[in-house]
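Student: quick one: sequence and predicted model below, then my questions.
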Amino acid sequence: MNKKLGKQTIRFANGINILSYASIAGQKEGEGPLAKYYDKVLEDAEWGEDTWEKTESKMQKSAVSRAVEKAEIDIKDIEYLFAGDLLNQCISSTFGLRDFGVPFLGVYGACSTMAETLGLASSMIDGGFANTAVAVTSSHFCTAERQYRFPLEYGGQRPPTAQWTVTGSGSMVLTRQGNGPYITHFTAGKIIDAGVADANNMGAAMAPAAADTLATHFRDTEKIPQDYDLILTGDLGKVGKSIAIDLLAEEGFDMSENYNDCGCMVFDIDKQDMHAGGSGCGCGAITLCGYIMDMFRAEKIKNLLFVGTGALLSPTSTMQGESIPCVAHAIAISAKGE
Amino acid sequence: MQYLNAFWVGGVICAIAQVLIDKTKMTPARILVSFVVAGVILGSLGLYEPIADYAGAGATVPIIGFGNTLAKGVMKGIAEKGFIGIFTGGASAAAGGIAASIFFGFVMAIIFKPKQK
Amino acid sequence: MKYSKQEYLDYVDKKSPDSPIWKNVLIAFLVGGAICTIGQGFSEFYKNVVGLSEENVKTAVPITMVFLGALFTGLDLYNKLAKHAGAGTLVPITGFANAIVSPAMEFKREGWVLGLAAKMFTIAGPVLVYGINSSIIVGLIYYLIQKL
């Protein structure tokens, strides 16, 4: 049977089993509406470490350890770790995972990393190269802020389109066989640069990439949005979400009923003063590896299309006035397989 | 009366900067740079001193006042030292503020840790 | 996507909520005005109570304001005020102090020399560069006019 549908979509005929998942969330996320679904909520930004970079590494390490614990397997049973984050040279992943002694494949997809690592780990398993693999990612408000923007104590004003980097890490253990839920499709996205250069409006920059990947996924799989119980983008926020709905409507896909964005769910936007919502690798990761997977377990969701959305900018490109190239990857998850 | 003048003139200068931030998407760093250069130009043309006389701290506390101090300093430096005053005048007039920011910046950075937001 | 780049940017502009400009300007006015009024208070204090000369008052007030800006930055209060006040806390010299202290605090972990000290001027440095350079240019012109 053909594993490839259309130009960009891989179909995992037998489904890749999600054996377990875990999420570690920051303090502010713990005050948000999805708090009870996280495995752990940190009490402060440091978690006993003397730098935030170490905290983020510890979050990633702990997210993997917990998922492995919940799966009741040994870390040595993991054949590949697919991991990435937002920091230069992906140090949260490499430093956090260095003690595991598991083959490591670093991935950079900015905030699309959760979907990208899941897609790559699934492909590795489906190809017969592994039985068990882990996908993990993280972001931390304090590390991202100092790399991309300003020092924490700098007095600046955020425009209403700005998003808040989520502090959190999410991981999943994938296996060849099991009782599901299953990853059934992976649509890898193209880099789309719509010309937006405003780093304070990432939702608008990323929405065209999300819309392109979604439309491609629907065409490749000959599905429509209504075939899913829920379509979930990673971190478009309020502005990006409404743009994505508009763009897909023009392509003939009605997203008005069953579509939401993790950036709009992870915080109580008005009460927590989050402007356009959450963002960062952790935003999609903790929502997926917490609330959403718990909903699968409770059989409240049976079919999900998760789209990680990444803005591929760097502090250098922003200073040089470049527009923001973006990418989005889609993962279809189903309770029963195909 | 001086307090009221300081309040409204200082407020208006800040309000102008806010309009520039919101309407032109100028970054805060560019606002500061433009204001200090504007202060130097206004000061050198003698246009800022009347405002400073009227508003006191309302004109000297905003960063434009820093530019005015530099401009006045350079002229005084030239009057006292001639050519070399071009280089020493501005910085000597502003030396107090600059040295204070370096010193207090250092001290505060030693004492305090940034807090998570 | 059916949009051209320019069409998309125009559309994004329409779709993105604007900053609440009137509210922002009002708060900037009030807070900026209040900070200047405090400065005026110190000015009167140094002149009338301490008895400093006018020349020294002009130096003492910025030093005091810089100290307060630095202190409130350290206490994690300046950015809380700035979130609402915007330019009201940016433009007074206290904002200059904030721009110096905040990176110095933040990059302490990268070391005393290349962290704290080197990063101290990442935000505020341009003010000195353009301020002092423009004063030198103005000085040159002034000097030449005098000589002619």
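Tutor: In hand now; what should we look at? Residues are numbered from 1 along each chain as shown, chains lettered A, B, ... in the order given.

Student: now do the SS call for residue C:136.
Tutor: helix (DSSP: H, G, I helix; E, B strand; the rest coil).

Student: number of residues surrounding it?
Tutor: The burial count assigned to residue C:136 is 19, neighbours taken as other CB atoms under 10 Å in any protein chain shown. Backbone N, C-alpha and C define where each C-beta goes, glycine included.

Student: from residue B:89, how far off is it?
Tutor: Separation of residue C:136 from residue B:89 (CB to CB, to the nearest Å) stands at 9 Å.

Student: residue boundaries of the strands in the stretch 51-200 of chain A?
Tutor: A:80-85, A:104-106, A:132-139, A:164-165, A:168-175, A:182-187 (DSSP state E, counting those that start in this stretch).

Student: export these as TSV, with columns for mean pLDDT, distance to chain C and mean neighbour count.
Tutor: Output for those, formatted as TSV (pLDDT from 0 to 100; distance: least, CB to the nearest CB, whole Å; neighbours: other CB atoms under 10 Å in any protein chain shown):
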stretch	mean pLDDT	distance to chain C	mean neighbour count
strand A:80-85	98	18	27
strand A:104-106	98	23	15
strand A:132-139	98	18	31
strand A:164-165	96	12	26
strand A:168-175	98	21	30
strand A:182-187	98	17	25
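
Student: right, and those - which one's nearest chain B?
Tutor: Judged by CB to the nearest CB, the one of these that comes nearest to chain B is strand A:164-165, at 8.8 Å.

Student: is any part of that closest one close to chain B?
Tutor: No: on the criterion CB under 8 Å from any CB of the partner chain, strand A:164-165 is out of touch with chain B, staying 8.8 Å away.

Student: can you list contacts of that strand?
Tutor: With CB atoms under 8 Å, 6 or more residues apart in numbering or on different chains as the contact definition, strand A:164-165 has outside contacts at A:28, A:86, A:139-141, A:144-145, A:267, A:274-275, A:277-280, A:282-283.

Student: residue A:208: which of those residues is nearest?
Tutor: When those are compared for distance to residue A:208 (CB to CB), residue A:279 comes out closest, at 16.4 Å.

Student: which residues of chain C fall in helices?
Tutor: Per DSSP state H, chain C carries helices over the ranges C:5-15, C:21-44, C:54-74, C:78-85, C:87-90, C:93-106, C:118-119, C:125-147.

Student: name the helices or strands packed onto the shortest one?
Tutor: For helix C:118-119, the elements it packs on are helix C:93-106, judged by 3 or more CB pairs under 8 Å, 6 or more residues apart in numbering or on different chains; DSSP states H and E.

Student: is the helix it packs on positioned near chain A?
Tutor: Yes: Helix C:93-106 lies within reach of chain A by CB under 8 Å from any CB, at C:95, C:98, C:99, C:101, C:102, C:103, C:105, C:106.

Student: surely the third one and residue A:151 touch.
Tutor: No: applying CB atoms under 8 Å, one finds residue C:99 not in contact with residue A:151, separated by 9.1 Å.

Student: quick one: contacts for the residue lying closest to residue A:152 once chain neighbours are set aside?
Tutor: Among residues not flanking residue A:152 along the chain, residue B:114 sits closest, at 4.3 Å (CB to CB, 6 or more residues apart in numbering or on different chains). Counting by CB under 8 Å, 6+ apart, residue B:114 makes contact with A:142, A:151, A:152, A:153, C:76, C:102, C:105, C:106.

Student: over to residue B:114: give its phi and psi.
Tutor: With angles defined as degrees, to the nearest 10, residue B:114 shows backbone torsions of phi -60, psi 140.

Student: distance of it relative to residue A:57?
Tutor: When distance is defined by CB to CB, residue B:114 is 19 Å away from residue A:57.

Student: cool, and residue C:21?
Tutor: To residue A:57, residue C:21 is 42 Å away according to CB to CB.

Student: which of these two has more neighbours?
Tutor: Here residue C:21 and residue A:57 are compared on neighbour count by other CB under 10 Å; more neighbours surround residue A:57, at 26 against 13.

Student: what helix or strand is residue A:329 located in?
Tutor: In this structure, residue A:329 is located in strand A:326-334 according to DSSP states H and E.

Student: now the angle between strand A:182-187 and that strand, please.
Tutor: Our comparison of strand A:326-334 with strand A:182-187, counting by axes from the mean of the first three to the mean of the last three CA atoms, to 10 degrees, yields an angle of 150 degrees.

Student: apart from its chain neighbours, what residue comes closest to the residue in chain A positioned nearest to chain C?
Tutor: Proximity of chain A to chain C (CB to the nearest CB) peaks at residue A:155, 2.6 Å away. Beyond its immediate neighbours in the sequence, the residue positioned closest to residue A:155 (CB to CB, 6+ apart) is residue C:82, lying 2.6 Å away.

Student: wait, that neighbour sits on residue A:157?
Tutor: Yes: under the criterion of CB under 8 Å, residue C:82 is in contact with residue A:157, at a separation of 6.7 Å.

Student: any stretches of chain C with poor pLDDT?
Tutor: In the prediction, chain C carries residues with pLDDT under 70 at positions C:1.
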